[in-house]
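Novice: Mind looking at a prediction? Sequence and model below.
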Amino acid sequence: MRPVPRGRGLRDPDLRDRLYELLEHDPLAYSAGSRFIKFIIGVIVLNVVTMILTSVPELDAQFGTLFEAVTILSLMVFALEYLARLWTVAGHTQRKGSALSDRLGYALSTLGIIDLMAFLPGAIVLATGRHATLAALGMLPFFKLIRYSPAMRSLLAAVHAERRALIGCIVILIGAVLTFASLLYAIERDVQPDKLGTIPQAMWWAIVTLGTVGYGDVVPVTPLGKLVSTFAIISGFAMIALPVAIISTAFAEEVKRRDFVVTWGMLARVPLFSHLSAAEIADIMRLLRARTVEQGEILVRRGDTASSMYFITAGEVEIALPSQHVRLADGTFFGEIALLHKTKRSGTVTATRKTRLLVLDAQDFHALIARMPTLADHVHTTAKARLADTGDLALAELAQAEQDEGPAT
């Protein structure tokens with residue numbers, strides 16, 4: 001009987017894959033990965049709050065030991081997370097390189113540098129005992145939220161996409177600063193030699209004026225200088241509006257692009273749409289709206305008028321029928337029979353865990369199947385297949401439809 005080599009668990013590729021999924025996957029709230037993300041975000045917030053409170057002498061004198069313990073624990077968590085990411089990234093990059101190249105790629109990436117800076121400077125300063133410097137460096141972990149915040153990632157992506165235009169704005173701003181500073185220097189250097197006696201001094205005035213801050217520490221006193229200042233102030237509005245407009249437009253486009261990708265990915269999980277072309281899926285995407293329901297939340301109630309059809313992209317729901325309970329998970333859909341027969345809901349639908357859905361309203365549903373015969377055939381085929389199983393939701397919905405239509409006839 002051969003002995004099991006020591007340390008084998010650390011070299012277990014399955015363990016590394018599982019840990020990578022825990023660190024990098026963006027799951028639903030009921031999963032271990034999401035709990036880990038919430039834990040890291042909580043540590044980041046706690047660390048930043050601690051660093052802010054440490055700068056208050058009264059609080060630091062009273063709770064200094066507690067603050068130091070929280071800081072040490074936070075830095076340990078960030079260090080362990082960084083080492084775990086460094087270890088698990090091997091073999092999980094798009095490049096077909098070695099484990100060393102994968103790890104170097106992560107270490108030199110923007111997120112890798114942010115992860116490193118979240119704990120390394122703080123650990124060095126903590127070892128030297130310079131608490132004031134530590135408080136300043138304590139804000140670095142805040143930037144780790146970029147990894148977990150889609151909005152911050154979208155903003156950075158927007159800035160990166162418009163970097164050439166923004167660089168152009170900076171060049172224009174530098175030109176405006178030099179122009180107005182030179183003019184005011186020529187006009188006011190003899191009148192205010194202590195404040196505008198050099199072009200660098202005049203540049204400070206130009207920057208403050210173009211930025212519409214107006215500290216008032218340097219102001220022109222001659223009529224011509226005031227006239228130049230008027231044009232500088234008006235130009236300052238353009239200096240601010242131009243980059244703001246560029247970034248806001250790019251940010252809106254980035255959010256729209258991200259939502260498009262997310263919705264496309266959600267649609268890809270629904271087998272009903274797997275046979276459709278890209279143009280047809282794009283057409284459907286305009287009609288669908290995403291919805292997330294929490295665990296235990298009731299989506300529809302028995303007896304409600306059927307107003308929507310639902311596609312489950314992630315999660316699970318339980319449908320309480322009069323005779324039994326039915327559970328539906330990823331990739332399935334429900335509510336189509338009630339819409340087809342224009343009847344009331346035959347069961348109460350409750351989310352058994354946090355669930356992501358795509359909702360198709362009744363009016364859009366009928367319009368969609370009217371102009372997409374292939375989709376209509378697929379829906380009817382699925383409904384017939386469900387009717388073959390007596391325990392399926394579709395049978396109960398059809399029975400409910402027949403009961404409702406019976407008295408009318």
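Specialist: Received it, and whenever you're ready, just let me know what you need.
Novice: What average pLDDT does the helix or strand harbouring residue 180 get?
Specialist: Using DSSP states H and E, residue 180 sits in helix 163-188. Across helix 163-188, pLDDT averages out at 92.
Novice: same for the helix or strand just after that helix, what does it pack against?
Specialist: Sequence-wise, the next helix or strand downstream of helix 163-188 (DSSP H and E) is helix 193-196. The contact analysis (3 or more C-beta pairs under 8 Å, 6 or more residues apart in numbering; DSSP states H and E) places helix 193-196 against helix 163-188, helix 199-210. C-beta coordinates here come from the backbone N, C-alpha and C atoms, glycine included.
Novice: which of the ones you listed sits most buried?
Specialist: Mean neighbour count, computed with mean count of other C-beta atoms under 10 Å, is highest for helix 199-210 among those, reaching a mean of 20.
Novice: so how far is that one off the chain centroid?
Specialist: 39 Å (C-alpha atoms, centre = their mean, to the nearest Å).
Novice: what does that helix rub up against?
Specialist: Applying C-beta atoms under 8 Å, 6 or more residues apart in numbering, the contact partners of helix 199-210 are 173, 176-178, 180-182, 184-185, 188, 195-196, 214-215, 217-219, 229, 232-233, 235-236, 239.
Novice: quick one: average confidence on that helix?
Specialist: Helix 199-210 shows a mean pLDDT of 92.
Novice: what do you get for stretch 22-33?
Specialist: Averaging pLDDT along stretch 22-33 gives 59.
Novice: same check, this time on stretch 290-308
Specialist: On average, stretch 290-308 scores 84.
Novice: With stretch 147-159 instead?
Specialist: 81.
Novice: CA atoms only: put it into PDB for me.
Specialist: Provided in PDB are the C-alpha atoms of stretch 147-159 (Å, rounded to 0.1, in the frame of the first residue of the first chain):
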ATOM      1  CA  ARG A 147     -12.900  44.600  -9.000                       C
ATOM      2  CA  TYR A 148     -16.300  44.300  -7.500                       C
ATOM      3  CA  SER A 149     -18.100  47.400  -8.800                       C
ATOM      4  CA  PRO A 150     -19.400  47.200 -12.300                       C
ATOM      5  CA  ALA A 151     -20.000  51.000 -12.300                       C
ATOM      6  CA  MET A 152     -16.400  51.800 -11.400                       C
ATOM      7  CA  ARG A 153     -15.100  49.300 -14.100                       C
ATOM      8  CA  SER A 154     -17.500  50.900 -16.600                       C
ATOM      9  CA  LEU A 155     -16.200  54.400 -15.700                       C
ATOM     10  CA  LEU A 156     -12.500  53.300 -16.100                       C
ATOM     11  CA  ALA A 157     -13.400  51.600 -19.400                       C
ATOM     12  CA  ALA A 158     -15.100  54.800 -20.600                       C
ATOM     13  CA  VAL A 159     -12.000  56.900 -19.700                       C
END
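Novice: For residue 193, which residues are in contact?
Specialist: Listed by C-beta under 8 Å, 6+ apart, residue 193 has no contact partners.
Novice: so how far is residue 185 from it?
Specialist: The gap separating residue 193 from residue 185 is 11 Å, by C-beta to C-beta, to the nearest Å.
Novice: just to revisit the earlier point, a markdown table please, covering the helices and strands packed on helix 193-196 and showing distance to residue 299.
Specialist: What follows is the helices and strands packed on helix 193-196, written out as a markdown table (distance: least, C-beta to C-beta, whole Å):
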| stretch | distance to residue 299 |
| --- | --- |
| helix 163-188 | 44 |
| helix 199-210 | 55 |
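Novice: looking at these, which is closest to residue 339?
Specialist: helix 163-188 (47.4 Å; C-beta to C-beta).
Novice: what angle separates the closest one from helix 199-210?
Specialist: Helix 163-188 and helix 199-210 are oriented at 120 degrees to each other (axes from the mean of the first three to the mean of the last three C-alpha atoms, to 10 degrees).
Novice: what packs against helix 163-188?
Specialist: helix 193-196, helix 199-210, helix 223-268.
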